[in-house]
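> Just to be clear, the model below is a prediction. Sequence and coordinates:
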Amino acid sequence: MSASPGTRSVPLRVVLVEDSVLLREGLVRLFDEAGYVTAGAWGDADDIVARVAMAEADVAILDVRLPPSFRDEGIRAALQLRAALPKTGILVLSQYVEGVYARELLAGGDGGIGYLLKDRVTSLEEFTDAVRRVHERGTVLDPLVVRGLLAARPDPLAALTPRERDVLELMAEGRSNASIAERLYIGVGAVEKNISAIFAKLGLEESGTEHRRVLAVLAWLQRD
């Protein structure tokens, strides 16, 4: 099995499922330049669990729309991988926001998930960094994906107290809990209590801290 993120002594192993030959070959070269090992690159998601297990992949990158129907084969394959190989990071690439499936992918809440829109990836460095963060059990979401996830909700910020709004605004600036405490002249413990209250009021269930923090910040950024 692959080493854990903190003990890795070998290159990151990735597999790629993308039906476009040009994009697939381009990403393989990108991974090579980043020092990653492409353990598999396929144009369809047939027998995906067996393929990824055999490749001992750390991260699987999948397009959403794959043969034969080009509808949702990739995202369904991602859900299969999530259930069968939970330690394998999943990074979904798409031209579309598939809200229902994205929500299901995130339902486990333990990180190691990414959902990026192809047209909004602005640099190769950004993309390889997203692969690394997913491997390290982070959550990487395009803001448009989160907007789709939150679209059906009422104003998620209405229930926040003024102090909680202050804390969330500073979170959105990328500040650590210690920095927020210093800025607001309160203790770190008070900051943590406010953040817990923010998560609860936004309906962000217990899960990886980064996952909930990202969703909370994006809810703030998308306010009217």
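Perfect, thanks for sending it.

> Which residues are in contact with residue 30?
The neighbours of residue 30, taking CB atoms under 8 Å, 6 or more residues apart in numbering as the test, are 124, 127, 128. Every C-beta, even on glycine, is put in place using the N, C-alpha and C of the backbone.

> Helices of this structure, residue ranges please.
21-33, 48-55, 73-84, 99-106, 124-135, 143-150, 162-172, 177-184, 188-201, 209-221 (DSSP state H).

> quick revisit: just the buried members of the contacts of residue 30?
Among the contacts of residue 30, those buried by neighbour count (16 or more other CB atoms under 10 Å) are 127, 128.

> What's the local residue count around residue 177?
Using other CB atoms under 10 Å, residue 177 is surrounded by 17 other residues.

> if I look at the residue lying closest to it once chain neighbours are set aside, how far off is residue 163?
Distances taken as CB to CB, 6 or more residues apart in numbering put residue 191 closest to residue 177, at 4.8 Å, once the chain neighbours are dropped. Distance, residue 191 to residue 163, by CB to CB, to the nearest Å: 10 Å.

> Equivalent analysis for residue 184, please.
On the measure of CB to CB, residue 184 and residue 163 end up 8 Å apart.

> swap in residue 126?
34 Å.

> Those two - which one has more neighbours?
residue 163 (15 against 12).

> surely that one meets residue 195?
No. With contacts defined as CB atoms under 8 Å, residue 163 does not count as touching residue 195, sitting 11.1 Å away.

> Distance check, the most far-flung residue of the chain relative to its centre against residue 112.
Distance from the C-alpha centroid of the chain, by CA atoms, centre = their mean, peaks at residue 185 (32.7 Å). Applying CB to CB, the value for residue 185 to residue 112 is 37 Å.

> Repeat that for residue 133.
Residue 133 is 9 Å from residue 112, by CB to CB.
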